[in-house]
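Enquirer: just coords:
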């Protein structure tokens, strides 16, 4: 529906707060089933982490770089068929080497597919062939729980309760191989003490299955979902910052946005960080102060510093793979004291030709590194911040140039973004890349359910279950199942 024709006095079936992937997927599911939905987005652009931004004639991604498991018969293929996203211009990364890892002075090209993956690594680590088979067997077991969870038959809690690092130590004898198997998880917080095996295995499994880029950027996903929502009669309001949720007699009755505008609905879905959601709920006896304090105390994953490079045309050959660059052997427990930062290199698929036109360089950044500027806003952070960005970007470029001959000579323009940028454009606390840090030692405390203590207020998004496109897509199903019933959704996904 055209926002200009939207009747704010009309009661909605569902109001959804946030127009990132989770909000758009929930809007898609519900609007297709006849629910009158209205989505509220505080920024001028929808998409959240799928947003793109333009510098001159170059379009850059905010947080979307590649996905895994999109080939036929694989988990994301099933989900994206459900969401009508399969016909977007996906480009599969090189099956003989979807990832190139530079670790401890040696280069490895990891192929797609379990058998190829094991065969390749067994050549480099012949004494670990049986261990590698056990490793991929575990990945397949964890994948099998993904859709079983829709029927209640899965045992994913078993894998959430287990440490990813402990599993690797028990399964893989060779320390170098343990790090190599983890090296493609550079953007994931590889924390030996906390990271659950379930999170590590689902994400790594999906990329081994198959890896894909999207030509044209993540905003194509957001635009497709939004188009369907509008076709189904739904409304998307941008520049609509939610400031309050009002509870009456045990239910949320209305949402206030931009301080003065108000909408009533039967159901409300918040895709904000749970702490942000609690902060906009006016005083209610249904949510205890101790619960608010517990959610506020949960740690968030680190953010990313990204160097967006615009390249001169026809100079640097395009690589149909991602590069993961480490100066030493250890990839777990990132520390900002590293002199040479770990860097992921993500090429943008060119519209035509064999040469790259844009590249992103990503490196982890903890909030403590940028916290001194947390009270600042975009474009007003001062000279110290500019110096910080310059130092970070130069360090990343030096690392990348050592492995990509001619990179420095090919650079035309350099743009940067930090967790502060991410926070200010997406609203994510501390600019966290993947939201609340999941903890294998405190599973029930860090896995937030979609159902809140208020019956008609639901949550969705990457803070709840599994992060990334795969995790958010699954969580959107769980959220909407509270309204439409799991049976209807399960039948579409399981029986296809």
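Expert: Thanks, I have it. Since we're looking at a predicted model, the values are computed, not measured.
Enquirer: helices and strands around the helix or strand of the chain with the lowest mean pLDDT, which ones?
Expert: Taking mean pLDDT, DSSP states H and E as the measure, the helix or strand of the chain with the lowest value is helix 486-494, at a mean of 83. Judged by 3 or more Cβ pairs under 8 Å, 6 or more residues apart in numbering; DSSP states H and E, the packing partners of helix 486-494 are helix 75-82, helix 129-151, helix 468-484. For the C-beta atoms, the positions are set from N, CA and C on the backbone; glycine is no exception.
Enquirer: again, only this time at 6 Å
Expert: helix 75-82 (3 or more Cβ pairs under 6 Å, 6 or more residues apart in numbering; DSSP states H and E).
Enquirer: what comes up buried for the helix it packs on?
Expert: For helix 75-82, a neighbour-count test (16 or more other Cβ atoms under 10 Å) marks 75-80, 82 as buried.
Enquirer: tell me the pLDDT at the residue nearest to residue 363 when sequence neighbours are not counted?
Expert: Spatially, and ignoring its direct neighbours in sequence, residue 363 is nearest to residue 341 (4.3 Å; Cβ to Cβ, 6 or more residues apart in numbering). With respect to pLDDT, residue 341 scores 92.
Enquirer: and residue 154, by the same measure?
Expert: Reading off the confidence values, residue 154 has pLDDT 62.
Enquirer: swap in residue 196?
Expert: The per-residue pLDDT reported for residue 196 equals 95.
Enquirer: partners of it in the sheet?
Expert: Beta bridges link residue 196 to residue 163, judged by DSSP bridges.
Enquirer: how far off helix 129-151 does the least confident helix or strand of the chain point, in degrees?
Expert: Interaxial angle, helix 486-494 versus helix 129-151 (axes from the mean of the first three to the mean of the last three Cα atoms, to 10 degrees): 140 degrees.
Enquirer: contacts for helix 486-494, please.
Expert: 78, 82, 150, 477, 481 (Cβ atoms under 6 Å, 6 or more residues apart in numbering).
Enquirer: JSON lines for the residues you listed, including distance to residue 10 and pLDDT?
Expert: JSON lines is the format used below for the contacts of helix 486-494 (distance: Cβ to Cβ, whole Å; pLDDT from 0 to 100):
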{"residue": "78", "distance to residue 10": "35", "pLDDT": "94"}
{"residue": "82", "distance to residue 10": "29", "pLDDT": "95"}
{"residue": "150", "distance to residue 10": "33", "pLDDT": "74"}
{"residue": "477", "distance to residue 10": "27", "pLDDT": "96"}
{"residue": "481", "distance to residue 10": "26", "pLDDT": "95"}
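Enquirer: just the strands in the stretch 1-150 of the chain please.
Expert: Per DSSP state E, counting those that start in this stretch, the stretch 1-150 of the chain carries strands over the ranges 12-17, 37-40, 52-55, 58-61, 67-68, 90-92, 99-103, 106-110.
Enquirer: and those strands, which is most packed in?
Expert: strand 37-40 (a mean of 26; mean count of other Cβ atoms under 10 Å).
Enquirer: can you give me the helices in the stretch 201-350 of the chain?
Expert: 219-231, 274-279, 289-297 (DSSP state H, counting those that start in this stretch).
Enquirer: what's the angle between the first one and strand 12-17?
Expert: Here helix 219-231 runs at 160 degrees with respect to strand 12-17, directions being taken by the same axes, to 10 degrees.
Enquirer: what residues sit buried inside helix 219-231?
Expert: Residues of helix 219-231 classed as buried: 219-226, 228-230 (neighbour count, 16+ other Cβ under 10 Å).
Enquirer: quick check, nearest of these to residue 411?
Expert: Nearest to residue 411 among the buried residues of helix 219-231, counting by Cβ to Cβ, is residue 219 at 24.4 Å.
Enquirer: rewinding a little: among the strands of the stretch 1-150 of the chain, which is nearest residue 403?
Expert: Across the strands of the stretch 1-150 of the chain, closest to residue 403 is strand 99-103 (Cβ to Cβ), at 5.5 Å.
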